[in-house]
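Enquirer: Sequence below, structure please.
(chains A and B)
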Number of protein chains: 2
Amino acid sequence: MAETRIRPAQDGDFDALWPILREVIRAGETYAIDRDMTRAAAFDLWMKAPHATYVAERDGAIIGTYYIKANFAGGAAHVCNCGYMVASAARGQGIAAKMCAHSQDAARALGYRAMQFNIVLESNQGAIRLWQKLGFDTVGRLPQVFDHPKLGLIEARVMYKWLVPDRAS
Amino acid sequence: MAETRIRPAQDGDFDALWPILREVIRAGETYAIDRDMTRAAAFDLWMKAPHATYVAERDGAIIGTYYIKANFAGGAAHVCNCGYMVASAARGQGIAAKMCAHSQDAARALGYRAMQFNIVLESNQGAIRLWQKLGFDTVGRLPQVFDHPKLGLIEARVMYKWLVPDRAS
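Expert: Predicted coordinates:
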């Protein structure tokens, strides 16, 4: 299988990104994003609002994407948040793991010292296992926080990883 | 002592609100808000971005304020977030408790079913005790999440309360 390459996203990539985002958004089963979100709003959410956005490419085709943004401001501005999406045809091939490892390096390069996932759904066990494997701790549990289209109200985890060796200020 | 009345904020209230917000923001010891935030940005943050903003008045003077906004979108849009600030001269008089009780009613009226505080600093024991008393559970702990100007990197809690009797979907 060809090598997967991760690079910064450019505005022109959104034609290829939108089908990936749209499928995940319309399903409404993994992200706390409005299921009816328009393409223009998704462009703002994924490409404009974040601090940085990346795409994963293989054989010239975009098969995944992630963003990094500050999760808080002020005294907690050293904590970032990321979101990852993989094209359905490319799942189960380690693309999310590769993007998450890349995002931790990218976050450090941008000056962040920790990464927080605010709402990892209990139904998304694949993601939970992957984030655990990549060093994220479950630091919180939000009861009934997500109304899943098939499962009803379910719990989600808050997951967190300190990214730099020195924990001191 | 005269009665404290809570009512929806109007744009014209911001002349009275800004000194309250400014003191809290500049101190940078309780909220994850940029300490150098301008008045215009604070207006957007407190008056425009939220779903609703309220003020607490006593003897015709504004002594406190709070906002309600959605904490998530999509499947978690039933969870709101609030922020409360009390003028330094009016602290220790139960104004925050009164605003939090009011905010829970207001949140229910706006259709929310849960309220989440994302970053309650461990140094802010008064707030932690108050939110506990008002029914909030500690559902998460974020290590080293806040760089306190006096204490360095400190932990914060995620606190959460279900607002409606029926937990079923």
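
Enquirer: Tell me where the model's unsure across chain A.
Expert: Chain A contains residues with pLDDT under 70 at A:1, A:166-169.

Enquirer: so what's the closest residue to chain B within chain A closest to, chain neighbours aside?
Expert: Residue nearest to chain B within chain A: A:Gly140 (2.0 Å; CB to the nearest CB). C-betas here are computed from N, CA, C, even on glycine. Take A:Gly140 and drop its neighbours on the chain: the residue closest to it by CB to CB, 6 or more residues apart in numbering or on different chains is B:Gly140, 2.0 Å away.

Enquirer: quick one on the thing from earlier: would it be right to say that the residue of chain A closest to chain B lies in a strand?
Expert: Yes - with DSSP: H, G, I helix; E, B strand; the rest coil as the criterion, A:Gly140 is part of a strand.

Enquirer: which SSE is the residue most central in space within chain A in?
Expert: The centre of chain A sits closest to A:Gly83, judged by CA atoms, centre = their mean, with a distance of 1.5 Å. Using DSSP states H and E, A:Gly83 maps to strand A:79-86.

Enquirer: For that strand, name the packing helices and strands.
Expert: Here strand A:79-86 touches helix A:14-27, strand A:61-70, helix A:95-109, strand A:114-121, going by 3 or more CB pairs under 8 Å, 6 or more residues apart in numbering or on different chains; DSSP states H and E.

Enquirer: Quick one: name the residues of chain A near chain B.
Expert: Those residues of chain A that sit near chain B, judged by CB under 8 Å from any CB of the partner chain, are A:28-29, A:31-35, A:72-79, A:113-114, A:116, A:118-119, A:139-149, A:152-153, A:156, A:158, A:160, A:162, A:167-169.

Enquirer: Return a ChimeraX selection command for the buried portion of those residues.
Expert: Buried residues among the residues of chain A next to chain B (16 or more other CB atoms under 10 Å in any protein chain shown), as a ChimeraX selection:
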select /A:28,29,31,32,33,34,72,74,75,76,77,78,79,113,114,116,118,119,139,140,141,142,144,145,146,147,148,153,156,158,160,162
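
Enquirer: Strands - which of the residues of chain A next to chain B land there?
Expert: Judged by DSSP state E, those include A:79, A:114, A:116, A:118-119, A:139-148, A:152-153, A:156, A:158, A:160, A:162 as members of strands.

Enquirer: Contacts only, for the closest residue to A:Asn81 other than its chain neighbours.
Expert: Here the nearest residue to A:Asn81 in space, its sequence neighbours aside, is A:Asn71; by CB to CB, 6+ apart that works out to 3.9 Å. By CB atoms under 8 Å, 6 or more residues apart in numbering or on different chains, A:Asn71 lies in contact with A:Val79, A:Cys80, A:Asn81, A:Gln116, A:Asn118.

Enquirer: 6 Å instead, please
Expert: A:Asn71 makes contacts with A:Val79, A:Cys80, A:Asn81, A:Gln116, as judged by CB atoms under 6 Å, 6 or more residues apart in numbering or on different chains.

Enquirer: just A:Asn124 next, same as before
Expert: Counting by CB under 6 Å, 6+ apart, A:Asn124 makes contact with A:Thr30.
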